[in-house]
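Trainee: Prediction below, plus the sequence it came from.
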2 protein chains.
Amino acid sequence: MGGGTLRMRDIARHAGVSPMTVSRALRQPSAVSEEMRRRVDAAVREFGYLPNRIAGSLSSSRSNVVGLVVPSIRNSLYASMIQAASDVLRTNGLHLMIADSGHRLEDEEALVSAFLAQRVCGLILHNTVHSKRMRKLVETSGVPVIETGNLPDEPLDMAVSYSNFEAARAMTLHLARLGYRKIGFVTLPVRDNDRSEERRRGYFAALAELGRPADASLVLEAAGGFSEGAEALVRLVNAHPDLDAGFFAGEVLAVGALFECQRRGWAVPGRIAIASFDDVDLLRHAVPSVTTLRIPRPEIGKRSAELLVRRLQGAPAEPIKVDLGFEIVQRESS
Amino acid sequence: MGGGTLRMRDIARHAGVSPMTVSRALRQPSAVSEEMRRRVDAAVREFGYLPNRIAGSLSSSRSNVVGLVVPSIRNSLYASMIQAASDVLRTNGLHLMIADSGHRLEDEEALVSAFLAQRVCGLILHNTVHSKRMRKLVETSGVPVIETGNLPDEPLDMAVSYSNFEAARAMTLHLARLGYRKIGFVTLPVRDNDRSEERRRGYFAALAELGRPADASLVLEAAGGFSEGAEALVRLVNAHPDLDAGFFAGEVLAVGALFECQRRGWAVPGRIAIASFDDVDLLRHAVPSVTTLRIPRPEIGKRSAELLVRRLQGAPAEPIKVDLGFEIVQRESS
DNA sequence: TCATATGCTGGTAGCGATACCAGAAAAACG
DNA sequence: CGTTTTTCTGGTATCGCTACCAGCATATGA
């Protein structure tokens, strides 16, 4: 059973050609004659031969695997990005190795090391905060890298993202423009996470522009679950009975808060308005539908993969920074 | 930059030992003397050497990558399974290559081929319906395989799952026991998907046990979106004004239906009860919280990975079929 | 004391493919 | 028709590492 995996030379023998001809017939059929191609194809099909990509990679020092590190596989946000990236890569004969860092910087470093040891031909990292050691690791490897979670000041290589700062700022201004006077902000954990940090900064920047005081008690940090969102809302309202809008840095938090309002019979947006980050289906279909920021996650995945592919095809290694922007989606909840 | 990647012999030279000693010091430190280990470690750290796993895999004909194919990366159900599997694999030095078949059988076959060409050391497949060619492909490769989406009659190798049939049957009986007289069932697309098919069969089996007629108009097939769930519910109610319960084969469908009830002011469960498949956070926190089937997704991922690891460590290649069961979670919506 | 066991190190020969070059055959040219 | 070019094929030498065996020390036994 399966023990005897075939090698190229076996196919070659059966086809009555040299191994080199088999190799060529498989990778660039146009380089061999009609006759050879026919013989090789026949033998390949007859034995169900699958070329050993490991050997191929070693020999050509070129791999066809891209490594991707996200903070959490579970999060559906990343899922839409991953899907889009995966699709583009696949049509270019590349595969995706996925790992999650669990939001731990040291784990990310270990994962990147492992990926580099596997000799991936490219890396996509969601995180944009890196240790010095990691930066050096990636740089000396010479592997093209894309960062996607934020627009970093000093990209490792290429970046495809949007501005968390601008997005949070824009939404805060939007809520103010709609007439909300007291806007609370619920952020995801900030530690080792520049995205959260940027969003918080954006919120405060907007308040400053509006000439409103920066009240730290209007900002709460919450882990990203439904309960945490509900809890945060309640705490904010208790502390600030005149709170008339809540801006949540994640869709799960926002929906958790929305459910809490339903349980307590608080009208949304009558009693309190709700706004969220990231346009997932859930927010569009919730009752009431939730105002949010549309971040072009699939486009980020697509562009990242495309840039990687282009670079692998020989494009010059110049730093590229793509800002795919965002969009405010005004809905019933505000 | 980075052009000159170091080889083991370079490290060996700098450490004043042979390449073999470096190899051993890295893989089984106990096999070399204290002194050698020290010298090698120092050189490795000094130059930031990363062993080339491609070469290592080729040489030892042993890889450390597991291939995983799910119908859709986007679906959060798979995410919790993937996460759990990934964790177990990582602690055993294995990595995960992930691909999605988009529910297309022919794509799955292509992906499995590609994975086998990459010489993965194991496969996890969610799907359990396979073409003849695919079965042969996998069998002759000799690679251990786990199927996770259903309990197949003829597993390729090992299976870790639960019974879709029994789960759907149990929930239908449960709803009947609660007193619901007319239970509609909304299934996900059935084509090439034995899970959906099994669920539908389970629903009908329950009806038969209850001595109720098998009314095909009580079953609707819907693609898995919020709108589709909402739509399906409305169509069912229009066709059957006395419908008092809706059982949805996916959580997005169920929540979509729930939202529709909220929009229309239908009391849940007063006017109509709702039940779902799969226990995701959303269902627990929705208002009202939704009755559902808890499928042990993380456990499935964990056990799958563990079985794979054990097999790679030399466990005999015997067919194993693990049924991790399910559980009915009764909540407010029914 | 010699013989056998044990611990550690290094040399050699692959793993299965591809890069590169050489050469034969066919085609194109003057 | 000879010469140059083009087209195609095959041999050889890696790619970077590990399996396997040989060999030298030191340790253990009789």
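Mentor: That came through fine. Residues are numbered from 1 along each chain as shown, chains lettered A, B, ... in the order given.
Trainee: Please make it C-alpha for all contacts and neighbour counts, starting now.
Mentor: Noted.
Trainee: got any ranges where the stretch 1-150 of chain A has weak pLDDT?
Mentor: A:1-4 (pLDDT under 70).
Trainee: That one against DNA strand D: which residues are in contact?
Mentor: Counting by C-alpha under 7 Å from any atom of the strand, the stretch 1-150 of chain A comes close to DNA strand D at A:16-21, A:30-33, A:35-36, A:55, A:58-61.
Trainee: Show the pLDDT at A:Asn238.
Mentor: Note on A:Asn238: pLDDT of 97.
Trainee: so how far is B:Ala254 from it?
Mentor: According to C-alpha to C-alpha, to the nearest Å, A:Asn238 stands 33 Å off from B:Ala254.
Trainee: A:His240 too?
Mentor: Relative to B:Ala254, A:His240 is positioned 35 Å away (C-alpha to C-alpha).
Trainee: So between those two, which is more surrounded?
Mentor: Between A:His240 and B:Ala254, B:Ala254 has the larger neighbour count (other C-alpha atoms under 10 Å in any protein chain shown), namely 31 against 15.
Trainee: in what helix or strand does that one lie?
Mentor: helix B:251-264 (DSSP states H and E).
Trainee: Could I have the CA atoms of that helix written out in PDB?
Mentor: The C-alpha coordinates for helix B:251-264 follow below in PDB (Å, rounded to 0.1, in the frame of the first residue of the first chain):
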ATOM      1  CA  GLU B 251     -26.900  29.400  13.000                       C
ATOM      2  CA  VAL B 252     -26.900  32.200  10.500                       C
ATOM      3  CA  LEU B 253     -30.200  31.000   9.100                       C
ATOM      4  CA  ALA B 254     -31.700  30.800  12.500                       C
ATOM      5  CA  VAL B 255     -30.600  34.200  13.600                       C
ATOM      6  CA  GLY B 256     -31.700  35.700  10.300                       C
ATOM      7  CA  ALA B 257     -35.200  34.200  11.000                       C
ATOM      8  CA  LEU B 258     -35.100  35.500  14.500                       C
ATOM      9  CA  PHE B 259     -34.400  39.000  13.300                       C
ATOM     10  CA  GLU B 260     -37.200  38.700  10.800                       C
ATOM     11  CA  CYS B 261     -39.500  37.800  13.700                       C
ATOM     12  CA  GLN B 262     -38.400  40.900  15.500                       C
ATOM     13  CA  ARG B 263     -39.100  43.100  12.500                       C
ATOM     14  CA  ARG B 264     -42.500  41.600  12.100                       C
END
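Trainee: need the residues of chain A near DNA strand C, please.
Mentor: A:5-9, A:19-20, A:23-24, A:27, A:50-53, A:55-60.
Trainee: Name the residues of the strand or helix carrying A:Ala176 that are buried.
Mentor: Applying DSSP H and E as the criterion places A:Ala176 in helix A:164-177. Neighbour-count burial for helix A:164-177, counted by 16 or more other C-alpha atoms under 10 Å in any protein chain shown, picks out A:164-176.
Trainee: Mind listing residues that contact whatever helix or strand comes next after it?
Mentor: Using DSSP H and E, the helix or strand that follows helix A:164-177 in sequence is strand A:183-187. Outside strand A:183-187, the residues that touch it by C-alpha atoms under 8 Å, 6 or more residues apart in numbering or on different chains are A:172, A:175-176, A:196, A:199-200, A:203, A:218-222, A:229, A:232, A:236, A:243-250.
Trainee: Mind giving me the PyMOL select for the residues of the stretch 1-150 of chain A next to DNA strand D, buried ones only?
Mentor: Per 16+ other C-alpha under 10 Å, the buried members of those correspond to this PyMOL selection:
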select buried, chain A and resi 18+19+21+36+55+58
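Trainee: Filtering the residues of the stretch 1-150 of chain A next to DNA strand D by proximity to chain B, which remain?
Mentor: Counting by C-alpha under 8 Å from any C-alpha of the partner chain, A:Ala55, A:Leu58 from those sit close to chain B.
Trainee: now stretch A:241-252: mean pLDDT?
Mentor: On average, stretch A:241-252 scores 97.
Trainee: Distance check, A:Gln83 against DNA strand C.
Mentor: 28 Å (C-alpha to the nearest atom of the strand, to the nearest Å).
Trainee: Assumed that residue was part of a helix.
Mentor: Yes - under DSSP: H, G, I helix; E, B strand; the rest coil, A:Gln83 sits within a helix.
Trainee: dump the residue contacts of it.
Mentor: A:Pro298, A:Gly301, B:Ile73, B:Arg74.
Trainee: Now the residues you listed in TSV, please, with extra columns for neighbour count and secondary structure.
Mentor: Converted to TSV, those look like this (neighbours: other C-alpha atoms under 10 Å in any protein chain shown; DSSP: H, G, I helix; E, B strand; the rest coil):
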residue	neighbour count	secondary structure
A:Pro298	18	helix
A:Gly301	27	helix
B:Ile73	26	coil
B:Arg74	22	coil
